[in-house]
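In: here's my sequence, what's the structure:
(2 chains)
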Amino acid sequence: MSFQNLSRLDRTIRLGAGLLMLWASWALEAPDTAIWPVALRVFAGFPLVTGLLGWCPVYAILGLSTCKPKSPPRDR
Amino acid sequence: MSSRRSDALFGGVTLRRLKWIAVLAAFGFILLFEYVRQSIYPSLDTWQGRLFMDSVIFTGAIFFFGAVFHLIERMQERLEQQNSELLALHTAALDVYRELALETVLQKVVDQARSLLEARYGALSLIDDDNRISSFITSGITDGERASIGDPPVGHGLLGVVLREGHRLRLQNIQRDPRSVGFPAHHPPMRSLLAVPILCGGPFRGNLYLSDKDDDEQFTVDDEESLVRFATTAAIAIDNAYLHRRLHTLAVSEERLRIAHEMHDGLAQVLAYVNTKAQVVREHLKRERTDEAMKHLDQLAAAAREIYADVRESIIGLRSAAQPGQSATDSLREFVATWEAQNGIACALHLEADLRLPAGAELQVLRIVQEALANVRKHAKAQQADVWVEQAGDRVRIRVHDNGVGFTPGELGRAEFPRFGLSTMRERAESVGGSFQLESTPGTGTRVTIEVPTQTPNREFSRGAVS
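Out: As a prediction, this is how the structure comes out:
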């Protein structure tokens, strides 16, 4: 069983989304007391970390995977 | 077993490292939590602030539980994989243990090892005292291929490495190894190699070799461990087969001694009888009573014929029971066919169960059947005899029937010279923990029935079988 449950495309999208969220948190203007830039920065961590690891905890709990299924081992 | 199993539970991370990562992750989460709290401090008590903090905690929890469930799943899969490996190993070992003949056991060991690891080729080498390969058993190579390769290997090159150094060898590519001396002509191409020694308690020394997996993958560390485990199991089966062969040899030697003793006694009786009769004939001739002399000479000839038939039958019996590696069923089949051909009495063998008994017991059962059929020849005047082999619970029942004249067992008269048959048959059956029964009435033939346990009942029996 492979440790990873994300396909290459899935990882790319997550990394892209994470970077976009990080960029937006700094690039977009917001009042000093606004929460959303901090939220963007913090939650950008989720797609970035999962994209880097290739493993998503939500997929793991739900038993999902976007990786190509391996051929099952032959019976003895 | 084609997938690689390692100590890693989470990617390439071992459990020990994972503990450290968990501690660092907990610290990291607290730092993140503090950063978030500081960043939104003025709005911390608003509904947006509380929702955000809850979301951070929720995300942390998702990561934590996701990792925990992943680990549980991984360990469960590993357990299932180990269970299936152990089951395959157990099945292979059972198949090997079922056999007792050494040659068959050795062939089964190499066949099962090849099947267990899904390898294309397998071999087992037996090593002599000079550390040279004395016998080379193969699997996955046809007889034609073997013949075209020529002489079996003697232990040069990689085969000799395991042989000399006595430890395991796992190679991705045989050709690239500097110790390889190449393959002989017509040898099928082989790439990967896995070799382990078979360490027996008995006199056997050998190595088990596998080459090329069916799926062309490499042999893994787990494959190596599996083969080592199988080799340990195989070693016990080989030791067992050696002991069985030894027991068989001892039982045969003992039986030869017993038969020699019986023949000596029987012959001595007949010779005494011949001597007496010769004196009687001489007395009759001296007194010119030719008719009387002729009558005694006929009796003399009949006794000689009978003892000749006895001796010949004993020799057939010895020959058919003394084949190493031959099953008791085959020995019985061979004896019945020979007996029928020699005596002209139709004899049918009805095999409703396999005659698989401890080595000593098999021999005793064969002797009882031989003795019972000898009685059919000598006394029954039968046209047909039947031998039945049946399973009766944990015992094997053997019946010998004939359609001869029969007799009343209680009124068995004294023969002209002593008979050993019935009491010997009973002794033989009892010596292997079995029972003996004789049924006969005049005109309805005779039925001899013995029942013998299929397993050695206790240690006393084991000793009795060879002593």
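In: so stretch B:226-240, near chain A or not?
Out: No: using Cβ under 8 Å from any Cβ of the partner chain, stretch B:226-240 stays clear of chain A, with a minimum separation of 11.1 Å. Every C-beta, even on glycine, is put in place using the N, C-alpha and C of the backbone.
In: which parts of that stretch are buried?
Out: Under the neighbour-count criterion of 16 or more other Cβ atoms under 10 Å in any protein chain shown, stretch B:226-240 has B:226-231, B:233-235, B:237-240 buried.
In: distance from that stretch to the middle of the chain?
Out: Averaging C-alpha positions (Cα atoms, centre = their mean, to the nearest Å) puts stretch B:226-240 13 Å from its chain's average.
In: ok, residues contacting that stretch?
Out: Around stretch B:226-240, the neighbours that count as contacts under Cβ atoms under 8 Å, 6 or more residues apart in numbering or on different chains are B:1, B:85, B:89, B:92-93, B:96-97, B:99-100, B:102, B:105-106, B:109, B:112-113, B:116-117, B:168, B:194, B:196-202, B:204, B:206, B:208, B:210.
In: pLDDT on it, on average?
Out: Mean pLDDT, stretch B:226-240: 86.
In: same check on stretch B:259-276?
Out: Stretch B:259-276 comes out at a mean pLDDT of 75.
In: check stretch B:111-123 too.
Out: So the average pLDDT for stretch B:111-123 ends up being 90.
In: pull the CA atoms of that stretch into PDB?
Out: Extracted in PDB, the C-alpha atoms of stretch B:111-123 (Å, rounded to 0.1, in the frame of the first residue of the first chain):
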ATOM      1  CA  ASP B 111       8.400 -27.200  -5.900                       C
ATOM      2  CA  GLN B 112       6.700 -25.600  -3.000                       C
ATOM      3  CA  ALA B 113       9.400 -23.000  -2.500                       C
ATOM      4  CA  ARG B 114       9.100 -22.000  -6.100                       C
ATOM      5  CA  SER B 115       5.300 -21.800  -5.800                       C
ATOM      6  CA  LEU B 116       5.500 -19.900  -2.500                       C
ATOM      7  CA  LEU B 117       7.600 -17.100  -3.900                       C
ATOM      8  CA  GLU B 118       6.200 -17.300  -7.400                       C
ATOM      9  CA  ALA B 119       9.600 -18.000  -8.900                       C
ATOM     10  CA  ARG B 120      10.100 -19.400 -12.400                       C
ATOM     11  CA  TYR B 121      13.000 -21.700 -11.500                       C
ATOM     12  CA  GLY B 122      13.900 -23.600  -8.400                       C
ATOM     13  CA  ALA B 123      16.700 -26.000  -7.300                       C
END
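In: which of the residues in it are buried?
Out: Buried, per 16+ other Cβ under 10 Å, within stretch B:111-123: B:111-123.
In: just flag the most distant two among these.
Out: Greatest spatial distance among the buried residues of stretch B:111-123 (Cβ to Cβ): B:Glu118 and B:Ala123, at 16.0 Å.
In: hang on, the earlier thing: strands - which of the contacts of stretch B:226-240 land there?
Out: B:194, B:196-199, B:206, B:208, B:210 (DSSP state E).
In: as JSON lines, those residues with neighbour count, distance to chain A and pLDDT would be great.
Out: Compiled in JSON lines, those are given as follows (neighbours: other Cβ atoms under 10 Å in any protein chain shown; distance: Cβ to the nearest Cβ, whole Å; pLDDT from 0 to 100):
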{"residue": "B:Leu194", "neighbour count": "26", "distance to chain A": "17", "pLDDT": "91"}
{"residue": "B:Val196", "neighbour count": "25", "distance to chain A": "19", "pLDDT": "89"}
{"residue": "B:Pro197", "neighbour count": "21", "distance to chain A": "24", "pLDDT": "87"}
{"residue": "B:Ile198", "neighbour count": "24", "distance to chain A": "21", "pLDDT": "85"}
{"residue": "B:Leu199", "neighbour count": "13", "distance to chain A": "25", "pLDDT": "80"}
{"residue": "B:Gly206", "neighbour count": "27", "distance to chain A": "24", "pLDDT": "83"}
{"residue": "B:Leu208", "neighbour count": "26", "distance to chain A": "18", "pLDDT": "89"}
{"residue": "B:Leu210", "neighbour count": "29", "distance to chain A": "15", "pLDDT": "92"}
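In: now, which of those residues sits nearest B:Thr454?
Out: B:Ile198 (28.8 Å).
In: which residues does that closest one bridge with?
Out: On the basis of DSSP bridges, B:Ile198 is bridged to B:Gly206.
In: distance of it relative to B:Leu126?
Out: 9 Å (Cβ to Cβ, to the nearest Å).
In: ok, now B:Ala67?
Out: For B:Ala67 relative to B:Leu126 (Cβ to Cβ), the value is 52 Å.
In: kindly report the same for B:Glu427.
Out: 40 Å.
In: one more: B:Ser423?
Out: 45 Å.
In: and B:Gln76, how many neighbours?
Out: B:Gln76 has 11 neighbours, counted by other Cβ atoms under 10 Å in any protein chain shown.
In: can I take it that it is in a strand?
Out: No: secondary structure of B:Gln76 (DSSP: H, G, I helix; E, B strand; the rest coil): helix, not part of a strand.
In: related to what we said a few turns ago, who has more neighbours, B:Ser423 and B:Leu126?
Out: B:Leu126 (17 against 10).
In: the host helix or strand of that one near chain A anywhere?
Out: If you go by DSSP states H and E, B:Leu126 is part of strand B:119-127. No: figure legend: strand B:119-127 not in contact with chain A (Cβ under 8 Å from any Cβ); closest approach 12.5 Å.
In: against chain B, how distant is the residue nearest the centre of chain A?
Out: Nearest to the geometric centre of chain A sits A:Pro47, at 2.8 Å (Cα atoms, centre = their mean). According to Cβ to the nearest Cβ, to the nearest Å, A:Pro47 stands 11 Å off from chain B.
In: which residues touch the helix or strand harbouring that residue?
Out: A:Pro47 is part of helix A:36-53, with elements assigned from DSSP H and E. Around helix A:36-53, the neighbours that count as contacts under Cβ under 8 Å, 6+ apart are A:4, A:6, A:10-15, A:17-19, A:21-22, A:24-26, A:28, A:30, A:56-57, B:11, B:32, B:36, B:39-40, B:52, B:55-56, B:59.
In: so which bits of it are buried?
Out: Buried residues in helix A:36-53, counted by 16+ other Cβ under 10 Å: A:37-51, A:53.
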